[in-house]
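Student: Can you look at this prediction? I've put the sequence above it.
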Amino acid sequence: MFLRFSKTTFVLMAGLFFCPIPMLAEGSPSSNYKVLASEKVGLNLFTVKSLIDKGDKSISENDLEMAREHFDQARVLTRQLLGFYRDVNGAFRGIDARIPREMDSKGRQATLLLAKINLRLASLFRKQKQPEIAVPLLVEVVRLMTPTKLEGQKAYQMLLELGFVETPYAGVRDMN
């Protein structure tokens, strides 16, 4: 019986050894699978930056409506990314510290981009003589970035210029 089991095991092992099984590792590189990490298209911060650049280009061409569309798209995508980063962060908290650290880092980058988008949109609305639409965007920047950060200071300064607030912020750094 023992001899039969050994022969059977040997035949199976030999069959597996000589059988042409395609190796999963020999497929295309993993970068082909990381579609969302592409700089051209994807659910990532590169896409947000690309939309911001397109909006900036539209402003330089004096196409304010197209700029607004690009900034709005960038804003929506950034908010989605912030939610996704927060969800993944929470799922791995206490399990693997590397993943929450990565999600925190990406979340900070996304928050900064959201503040920059809001500042651009607020400036656009000011150009279009719609300051009442700019105010909520500026308040959000102050909340997100705090007045100690450059973006928060710029937003507060714009609120001051619009007359929404009256007290100048004393801790202003040089914004140039």
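Tutor: The structure has been received and is ready for your questions.

Student: which secondary structure elements does the host helix or strand of residue 90 contact?
Tutor: Element membership of residue 90 [criterion: DSSP states H and E] is helix 64-92. Contacts defined by 3 or more C-beta pairs under 8 Å, 6 or more residues apart in numbering; DSSP states H and E place helix 64-92 against helix 45-60, helix 98-127. (Glycine included, C-beta is placed from N, CA and C.)

Student: which other residues reach the shortest one?
Tutor: Put plainly, it is helix 45-60. The contact list for helix 45-60 (C-beta atoms under 8 Å, 6 or more residues apart in numbering) reads 38-41, 64, 66-71, 73-74, 77-78, 81, 106, 109-110, 113, 116-117, 120, 124.

Student: Tell me what angle that helix forms with helix 98-127.
Tutor: With axes from the mean of the first three to the mean of the last three C-alpha atoms, to 10 degrees as the basis, helix 45-60 and helix 98-127 are set at 10 degrees to each other.

Student: Report the buried residues of helix 45-60.
Tutor: Residues 45, 47-48, 50-52, 54-55, 58-59 are the ones in helix 45-60 that count as buried (16 or more other C-beta atoms under 10 Å).

Student: Can you convert the residues you listed into a markdown table and add a column each for distance to residue 138 and pLDDT?
Tutor: A markdown table is the format used below for those (distance: C-beta to C-beta, whole Å; pLDDT from 0 to 100):
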| residue | distance to residue 138 | pLDDT |
| --- | --- | --- |
| 45 | 23 | 92 |
| 47 | 25 | 92 |
| 48 | 20 | 94 |
| 50 | 24 | 93 |
| 51 | 20 | 95 |
| 52 | 17 | 96 |
| 54 | 23 | 96 |
| 55 | 17 | 96 |
| 58 | 21 | 95 |
| 59 | 18 | 94 |
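
Student: closest to residue 94 among those?
Tutor: residue 45 (25.8 Å; C-beta to C-beta).

Student: how close does the closest one get to residue 117?
Tutor: Noted for residue 45: a distance of 12 Å to residue 117, by C-beta to C-beta, to the nearest Å.

Student: now do residue 56
Tutor: Applying C-beta to C-beta, the value for residue 56 to residue 117 is 11 Å.

Student: one step back: check which residues of the helix holding residue 90 are buried.
Tutor: Buried, per 16+ other C-beta under 10 Å, within helix 64-92: 67-68, 70-71, 73-75, 77-78, 81-82, 85, 88-89, 92.

Student: Brilliant, that's me finished.
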